[in-house]
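After the sequence you'll find the predicted model.
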Amino acid sequence: MKRTIQLGFLTVGIVLAMGTPAMAADGAIPAAVGAGLAIIGAGYGIGRIGASAVESIARQPEAGAAIQTAMIIAAALIEGAAFFALIICIIEITTG
């Protein structure tokens, strides 16, 4: 597990180091990378929320309704932030 985490951080570091020249340029590439990262981050966050909610409901079935409500609200907030980031990136692509 520790090796997997180290490999993940190394991969992210390499991608960011290689992406630095692309981020310095004006145009669609930085905005497209930003849009991709926003969507990946939102998907990861919603996946974590769902996994935690299912685990919590499995541990305490009587609190299922409250957990489900909180999960849906948190997922909606994450989706809103991701949608906002995506719109900003699309605006940058079309005007940049």
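Noted; the coordinates are in hand.

which residues of this structure score low on pLDDT?
In the predicted model of the chain, residues 1, 15-27, 96 satisfy pLDDT under 70.

Show me the residue sitting in the middle of it in space.
What sits nearest the mean C-alpha location of the chain, by C-alpha atoms, centre = their mean, is Gly41, with 0.9 Å.

Not counting sequence-adjacent ones, nearest residue to that residue?
Ala82 (7.1 Å; C-beta to C-beta, 6 or more residues apart in numbering). Every C-beta, even on glycine, is put in place using the N, C-alpha and C of the backbone.

cool, Met71 as well?
Ala53 (4.0 Å).

do you know how far the one you found is from Phe83?
21 Å (C-beta to C-beta, to the nearest Å).

what about the two, which has more around it?
Using other C-beta atoms under 10 Å, the more surrounded residue of Ala53 and Phe83 is Ala53, with 18 against 13.

any idea how far the residue of the chain positioned farthest from its centre lies from Leu37?
Largest separation from the mean C-alpha position in the chain: Glu62, at 30.3 Å (C-alpha atoms, centre = their mean). Using C-beta to C-beta, Glu62 is found at 39 Å from Leu37.

returning to what we had before: how many other residues sit next to the residue nearest to Gly41?
19.

how about it, what does it touch?
38-39, 41-42 (C-beta atoms under 8 Å, 6 or more residues apart in numbering).

Provide the secondary structure category for the residue nearest to Glu92 when sequence neighbours are not counted.
Spatial nearest neighbour of Glu92, chain neighbours left out: Ala31 (3.9 Å); criterion: C-beta to C-beta, 6+ apart. Of the three states, Ala31 takes helix under DSSP: H, G, I helix; E, B strand; the rest coil.
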